[in-house]
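Participant: Got a sequence here, can you build the structure:
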Amino acid sequence: GRTLDEMPISMKKKWSKAQYGRERYLATEFLNSKKQQMAENQLRSLIRKVIINEIRGVNEKKKKL
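Facilitator: Predicted coordinates for the structure are as follows:
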């Protein structure tokens, strides 16, 4: 956990016993979602490259014939 002093000013409350469980949970879920989205985009990019290379290979074979 983080202390109140480590939080940004916008997250601090005047009441010292304030809990930010919901905000932390939402922030964590957002970051996890972004990580998953980035992984999916990297996979899509890799698949596109493979498909393009395969298409180029097929086209080169047709040109040789």
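
Participant: show me where the protein has helices.
Facilitator: In the chain, the segments counted as helices under DSSP state H are 21-64.

Participant: in it, what spans have low per-residue confidence?
Facilitator: Scanning the chain for pLDDT under 70 picks out 1-4, 7-8, 11-19, 65.

Participant: measure residue 59 to residue 47 for me?
Facilitator: 19 Å (CB to CB, to the nearest Å). The C-beta positions use only the backbone N, C-alpha and C, and glycine is treated the same way.

Participant: now do residue 60
Facilitator: With the distance defined as CB to CB, residue 60 ends up 20 Å from residue 47.

Participant: One more: residue 64?
Facilitator: Distance from residue 64 to residue 47, by CB to CB: 26 Å.

Participant: Give the residue from those two that has the larger number of neighbours.
Facilitator: residue 47 (10 against 5; other CB atoms under 10 Å).

Participant: Give me the distance between the more buried one and residue 57.
Facilitator: Residue 47 sits 16 Å away from residue 57, going by CB to CB.

Participant: And for residue 5?
Facilitator: 59 Å.

Participant: now residue 33
Facilitator: 36 Å.

Participant: ok, now residue 50?
Facilitator: 11 Å.

Participant: Please apply the same query to residue 44.
Facilitator: Residue 44 is 20 Å from residue 57, where distance means CB to CB.

Participant: Then residue 63?
Facilitator: With CB to CB as the criterion, residue 63 and residue 57 are 11 Å apart.

Participant: So between the two, which is more surrounded?
Facilitator: For the pair residue 63 and residue 57, the greater number of neighbours falls to residue 57 (10 against 7), based on other CB under 10 Å.

Participant: Thank you kindly, that will do.
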